[in-house]
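**Q** Sequence first, then the predicted structure:
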Amino acid sequence: MTGTDEAAAATAAAEAAVTADEALYVLTAVLLTPAQFPSVLGDDFPEACAALGLEPYAGGYGMVLGQDGAGARWTVVVDDVSLVAVAIASWDCGMEYDLSPDERTVVAALPGWPLELAVAAPGVAPPHDPEPEPDDDGTVLPPLTPPDTSVWGAPQRRLGADEVALQWAMWREQISDGGEAEAASPDGEAQAPGPVGEAEADAEADPADVTAEKAPDDGRPDADSISVAAGDDVTDADSPPAPADATGTATADAPNDLHARVEQVLAEVRQYLDSPPPLGRVRSNFAPGGARMLRADGPGWSIVARTDDIAFVLLDDEPGQVVPVGRGPQLPGLLEALDAMAVRPS
């Protein structure tokens, strides 16, 4: 072999090594759109984008999470939302799909993962953050890390709301079969518990203490550890929020119990009808029986509801509690109005 041949072989080997290190072993992908985004990142689409340093492009993004050849964590953001959506749908159906976004669709390659993953690529080093490297203007970006869900707060509250939506029937059954708590509609009148799906009957609305232990992998409430206990009645959804002083702190004669806090949340979400919130703060998705599953978030609270049933409220300042709100005369109209303004998956 001549010197020229040896140099060419060495160059080819080096390029192959670089390619191997730069190859992304795809582990999962998620959508980042106004209608579907990882709620753990924020209460709305702009907030979720800001957590990743992205502009809130209305068309949304797809996020591909994986490891490079050295095992480093990377999140590749692409603007080909349809490609990522097809991959996710295929995986959900148990089908194989080779997700390989075109380089021209890449918006950003961000070090780290913004979400907790319990999987790793085979044949490479365990997942770790890549070595910090300055970008074109010399700025060193810290790696993305999942929000802290070890203690109750906004991320854990939003994860809890996700779990309620995913396991609606199970959570609803806790109310229907509890038998310990007297049900009440949002106007505070006691009602007999009614079966799920009967719109003409007022369902239960006792605030219920729900013990939700953190799951080991994703921080969501453990569905096997739920217990429902009686609480105070939730009153009219049109009730005004508790008064506050100029600093925003509740005054001494303002109620500070769970009853009043839920009233305040219902009043705040009703204000969305007059003053539209940031994009993605109210979302509507499919539900069985032709109904819609609604999700609304705000400062310190999340609401999950079915348009043909009741609602559940989660609060930052009430750790581990999921509060049911019955239909009564007020809730159906509120849910219908929220569904009309909500963003929906395309």
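**A** Great, that's in hand.

**Q** Strands of the stretch 1-150 of the chain, residue ranges please.
**A** Per DSSP state E, counting those that start in this stretch, the stretch 1-150 of the chain carries strands over the ranges 25-32, 61-67, 73-78, 106-111.

**Q** from the middle of its chain, how far away would the second one be?
**A** On the basis of C-alpha atoms, centre = their mean, to the nearest Å, strand 61-67 is displaced by 17 Å from the centre of the chain it belongs to.

**Q** That one packs against which elements?
**A** strand 25-32, strand 73-78, helix 81-92 (3 or more C-beta pairs under 8 Å, 6 or more residues apart in numbering; DSSP states H and E). Where you see a C-beta, it was placed from the backbone N, CA and C, and this is true even at glycine.

**Q** hmm, back to that, out of the strands of the stretch 1-150 of the chain, deepest packed?
**A** Stretch with highest mean neighbour count among these: strand 61-67 (a mean of 24; mean count of other C-beta atoms under 10 Å).

**Q** Hey, what's the angle from it to strand 73-78? Just curious.
**A** Angle of strand 61-67 versus strand 73-78, following axes from the mean of the first three to the mean of the last three C-alpha atoms, to 10 degrees, is 150 degrees.

**Q** could I get strand 61-67 in PDB with only the CA atoms?
**A** Below are the C-alpha coordinates for strand 61-67, written out as PDB (Å, rounded to 0.1, in the frame of the first residue of the first chain):
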ATOM      1  CA  TYR A  61     -42.400  20.600  15.900                       C
ATOM      2  CA  GLY A  62     -41.500  17.000  16.300                       C
ATOM      3  CA  MET A  63     -38.900  16.000  18.900                       C
ATOM      4  CA  VAL A  64     -36.700  12.900  18.400                       C
ATOM      5  CA  LEU A  65     -34.900  11.700  21.500                       C
ATOM      6  CA  GLY A  66     -32.000   9.400  21.200                       C
ATOM      7  CA  GLN A  67     -28.300   8.700  21.800                       C
END
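
**Q** Give me the angle between that strand and strand 25-32.
**A** Going by the same axes, to 10 degrees, strand 61-67 makes 160 degrees with strand 25-32.

**Q** re earlier: tell me which of the helices and strands packed on strand 61-67 approaches P38 most closely.
**A** Checking those against P38 by C-beta to C-beta gives strand 25-32 as the closest, at 5.8 Å.

**Q** I'd like the distance from the closest one to the chain centre, please.
**A** Offset of strand 25-32 from its chain centre (C-alpha atoms, centre = their mean): 16 Å.

**Q** show me what contacts the spatially most central residue of the chain?
**A** Centroid check for the chain by C-alpha atoms, centre = their mean gives S39 as the closest residue, at 2.2 Å. Shown in contact with S39 (C-beta atoms under 8 Å, 6 or more residues apart in numbering): 48, 158-159, 161-162, 295, 297.

**Q** let's see 7 Å
**A** 158, 161-162 (C-beta atoms under 7 Å, 6 or more residues apart in numbering).

**Q** Now render those as CSV, adding pLDDT, distance to L99 and secondary structure.
**A** Formatted as CSV, these follow (pLDDT from 0 to 100; distance: C-beta to C-beta, whole Å; DSSP: H, G, I helix; E, B strand; the rest coil):
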residue, pLDDT, distance to L99, secondary structure
R158, 95, 26, helix
A161, 96, 28, helix
D162, 95, 23, helix
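
**Q** And the residue nearest to the centre of the chain, how far from L334?
**A** 21 Å (C-beta to C-beta, to the nearest Å).

**Q** same question, A50
**A** Counting by C-beta to C-beta, the gap from A50 to L334 is 29 Å.

**Q** Between those two, tell me which one has more neighbours.
**A** L334 (24 against 14; other C-beta atoms under 10 Å).

**Q** Please tell me I have it right and that one contacts R270.
**A** Yes: with contact defined as C-beta atoms under 7 Å, L334 reaches R270; the gap is 6.2 Å.

**Q** What pLDDT is listed against the nearest residue to L99 once chain neighbours are set aside?
**A** Distances taken as C-beta to C-beta, 6 or more residues apart in numbering place A87 nearest to L99, at 4.2 Å, with adjacent residues excluded. Per-residue pLDDT puts A87 at 95.
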